[in-house]
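[1] Based on what follows, work out the 3D shape:
(one chain, ligands or ions: 1)
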Amino acid sequence: MHMCGIVGYVGAKDAQTVVVGGLRRLEYRGYDSAGIALVPSKGDLVSSKKAGKLANLEAQIEHSPLPAAHMGIGHTRWATHGAPNDANAHPPLAPQGKVAVVHNGIIENFLILREELENEGYEFLSETDSETVAFLLERQLATTSNLTEATRLVCERLEGAFTLVVASADHPDVVVGARRNSPLVVGLGDGENFLGSDVAAFIDHTKTAVELGQDQVVTVTADGIEVIGFDGLPAESTTYTVDWDVSAAEKGGYDWFMTKEIHEQPAAIAETLLGRQDASGRLQLDEMRLSDGELREVDKIIIVAAGTSFYAGMVAKYAIEHWTRIPCEVELASEFRYRDPILDRSTLIVTISQSGETMDTLMAIRYAKEQRSQVLSICNTNGSTIPRESDAVIYTHAGPEIAVASTKGFLSQVVACYLLALYLAQVKGVKYLDEIGQILEQLQDIPAGVQQILDNTQEMADLAEELVDSKAFIFLGRHVGYPVALEGALKLKELAYLHAEGFAAGELKHGPIAVIDQGTPVFVVVPPRARDQLQEKIVSNIQEVRARGAFTIVLVEEGDDSVLPFPDRVIRLPKVPTLLQPLVSAVPLQIFACELATRLGHDVDQPRNLAKSVTVE
Ligand code: F6R
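    Numbering: from 1, shown residues only. Okay, the predicted model is just below:
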């Protein structure tokens, strides 16, 4: 999938050392399994792969060493298709053992291709879509001896997003790479050349890199590279010099993992949406394991989660009830089982957890299962405890989240919840296929909207500079903007260690407005104009706090000038439908918290007192 790490090498050095070293630098991209393949001499391809962190592979290689080679490929995996075990580790080999492939992405038509190969007698050893590519390539090489051309022809058959790097026993001096909607860069060395998912893969060896364009194939030898398009024609490529140092490399050049993960959000959303529709446009959630019949029986949904994931659930409640008309409650995992909730077979418990290890959430699942409810989990970590203990799972394909504060986790959780809501609407027949299709299209536009915000982070950095001495912050929202206000406040609390609180804007007058003082910064998320009632009400809420001396920062969609007379600062949001607004409005608040904490000298990635996976109750 998107986040796996890929390395390729051809040159005078020991390929195994270079490839494993590259994987070590890419390990942040995934650590479910790792593997390498080398071609020590013509006709001979060797490989080694192992589930778990790279250290497991290194131990295996030490125990059973591979012969020296000057060409190799490697992979560190973040599992999507298939469990994170040895069999599914990359590189998969083709049946004759002469072709190895490492793959990042999702081959959307892999079932069709796999069936085609099975009909010809091919036997698959893994559950991965990637093995299909290895088999296709071996079949192609039987008639096309040129490795580049064979790879290109295989790419023509593939749909979806992929980066491929291939090694062939009959081509000991060449590594071929290809990409579509998934990253691949070339590193240019002196008498050696590299491939990597990002430059961290080869930053120890060279800072000269070549960016590959969409739908391109690159042939890498020790002496040079050649780039062509999927159409077979020569293609342009641009060379640049990497200006990071080695320590920044694994953070992709960003100061913090959190910044990097904020910037990965367009990709995280796109990946979470990828491959969810069949050829006829029907939504399919293939990993899910609950039958349509079981889902039709559902008459109540309870979302259970903690922290940021809980806020994702709060957002989801609006969409679930609106689209499916199934009553939905949202409950903190740590509270759920202690209040003796009313559950039965027709209650669907939806848990949301980025890590898949949160103890409060896990205990809630066990409790719900004792009460005979069905549990569906939305999770970012393949093979973790929560999806293992659930009846059904929808994975968010956000890639590993390293920073303790959740960002891409949150947005991809909201997207996954929306997919679930639309799927339930489809199964229950309460929405037409074209209505579902329309919402899916609107979701497909969200990555571009998020990107628009990311292209101008300076605005939030300036605001952080301006408010660096503030000691307390208020966040207001209505409807789906309410959980966004809570999330904005949580980000600030955990990163800046400051008092920050989120409120439903209408609730303020019932008490909290008393805390507003001269200069108190108040962020207000304004609903899109399409919801005029909400929008008008929040305009009065802005005036209320302003009259009490608040410094107001208003997040409002482009083109809505009705609020302009009131705020001190205006942050523009791309125009999106009301229910999708959290997917864009949360982003400036994440950036603000990160920028403010950085200015206060805090460790943004590892805030005090916190841990990434909370495995205690
Ligand atoms: C906040 C944050 C936490 C987690 C919470 C649940 O930025 O990261 O509030 O959201 O601990 O964690 P998961 O989603 O792993 O269950």
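[2] The ligand contacts on the stretch 301-450 of the chain?
    306-309, 353-355, 358, 361, 405-406 (CB under 6 Å from any ligand atom). C-beta coordinates here come from the backbone N, C-alpha and C atoms, glycine included.
[3] And the chain, by the same measure?
    306-309, 353-355, 358, 361, 405-406, 490, 494, 614.
[4] re the thing from before, which one (most neighbours) among the residues of the stretch 301-450 of the chain next to the ligand?
    Tallying neighbours with other CB atoms under 10 Å puts S353 at the head of those, with 32 neighbours.
[5] so that one bridges to which residues?
    C379 (DSSP bridges).
[6] so what's it up against?
    When contacts are counted by CB atoms under 8 Å, 6 or more residues apart in numbering, S353 touches 305-306, 309, 361, 377-380, 384, 386.
[7] thinking again about what came up before, identify the farthest-apart pair in the residues of the stretch 301-450 of the chain next to the ligand.
    Spanning the widest gap among these are T361 and A405, at 17.8 Å by CB to CB.
[8] Contacts only, for L125.
    Contacts of L125 by CB under 8 Å, 6+ apart are 87, 92, 131.
[9] among those residues, which are in helices?
    Residues of those located in helices (DSSP state H): E131.
[10] List just the nearest of the contacts of L125 to D344.
    A87 (38.6 Å).
[11] Need the phi and psi values for that closest one.
    Backbone torsions of A87, given as degrees, to the nearest 10, read phi -60, psi -40.
[12] wait, doesn't it sit right on S126?
    Yes - with contact defined as CB atoms under 8 Å, A87 reaches S126; the gap is 4.9 Å.
[13] Now the residue nearest to G97 when sequence neighbours are not counted: which helix or strand?
    The spatial neighbour of G97 that comes closest, neighbours along the chain excluded (CB to CB, 6 or more residues apart in numbering), is L45 at 6.2 Å. Per DSSP states H and E: L45 is located in strand 44-51.
[14] How about the contacts made by the residue of the stretch 101-250 of the chain found nearest the ligand?
    Nearest residue of the stretch 101-250 of the chain to the ligand, counting by CB to the nearest ligand atom: E250, 20.5 Å away. By CB under 8 Å, 6+ apart, the contact set of E250 is 25-28, 200.
[15] Show me which pair in these is furthest apart.
    E27 and A200 (9.6 Å).
[16] Which one's more surrounded, these two?
    Shown here are E27 and A200; by other CB under 10 Å, A200 has more neighbours (27 against 18).
[17] The more buried one is in contact with G252, isn't it?
    Yes - using CB under 8 Å, A200 is in contact with G252, at 7.1 Å.
[18] Quickly find the element holding A586.
    Secondary structure (DSSP H and E) places A586 in helix 582-599.
[19] Identify each buried residue in that helix, please.
    Within helix 582-599, the residues that count as buried by 16 or more other CB atoms under 10 Å are 582-598.
[20] ok, back up a step: closest to I553 out of the residues of the chain next to the ligand?
    Once CB to CB is applied, the member of those that ends up nearest I553 is L490, at 17.1 Å.
[21] OK, contacts around the spatially closest residue to that closest one that is not a sequence neighbour?
    In space, and not counting its chain neighbours, L490 is closest to T308: 6.4 Å by CB to CB, 6+ apart. The contact partners of T308, by CB under 8 Å, 6+ apart, come to 354, 405-406, 409-410, 487, 490.
[22] Could you do F230 as well?
    Applying CB under 8 Å, 6+ apart to F230 gives the contacts 152, 155-156, 178, 180, 215-217.
[23] Out of those, list just those in helices.
    Per DSSP H, the contacts of F230 map to helices at 152, 155-156.
[24] count of residues packed around the residue of the stretch 51-200 of the chain found nearest the ligand?
    Per CB to the nearest ligand atom, W78 is where the stretch 51-200 of the chain lies closest to the ligand, at 15.5 Å. When neighbours are counted by other CB under 10 Å, W78 registers 24.
[25] lowest average confidence, helix or strand, in the chain?
    helix 246-249 (a mean of 66; mean pLDDT, DSSP states H and E).
[26] still on that earlier bit, more crowded one of A87 and S126?
    Legend: neighbour count by other CB under 10 Å for A87 and S126, higher for S126 (19 against 15).
[27] Quick check: G519 touching G549?
    Yes - if you go by CB under 8 Å, G519 and G549 touch, sitting 6.5 Å apart.
[28] any idea how far the ligand is from E261?
    11 Å (CB to the nearest ligand atom, to the nearest Å).
[29] Residue ranges of each domain in the chain, please.
    Domain assignment for the chain by automatic domain parsing gives 5-250, 268-447, 456-599.
[30] Q606 is nearest to which of those domains?
    domain 268-447 (5.7 Å).
[31] List the residues that contact the residue of the chain found nearest the ligand.
    Across the chain, the shortest distance to the ligand (CB to the nearest ligand atom) belongs to G307, at 1.9 Å. Counting by CB under 8 Å, 6+ apart, G307 touches 406, 490.
[32] so what's the residue lying closest to the residue of the stretch 51-200 of the chain closest to the ligand once chain neighbours are set aside scoring on pLDDT?
    Leaving out its chain neighbours, the residue that sits closest to W78 by CB to CB, 6+ apart is G30, at 2.8 Å. In this model, G30 is scored at 76, pLDDT.
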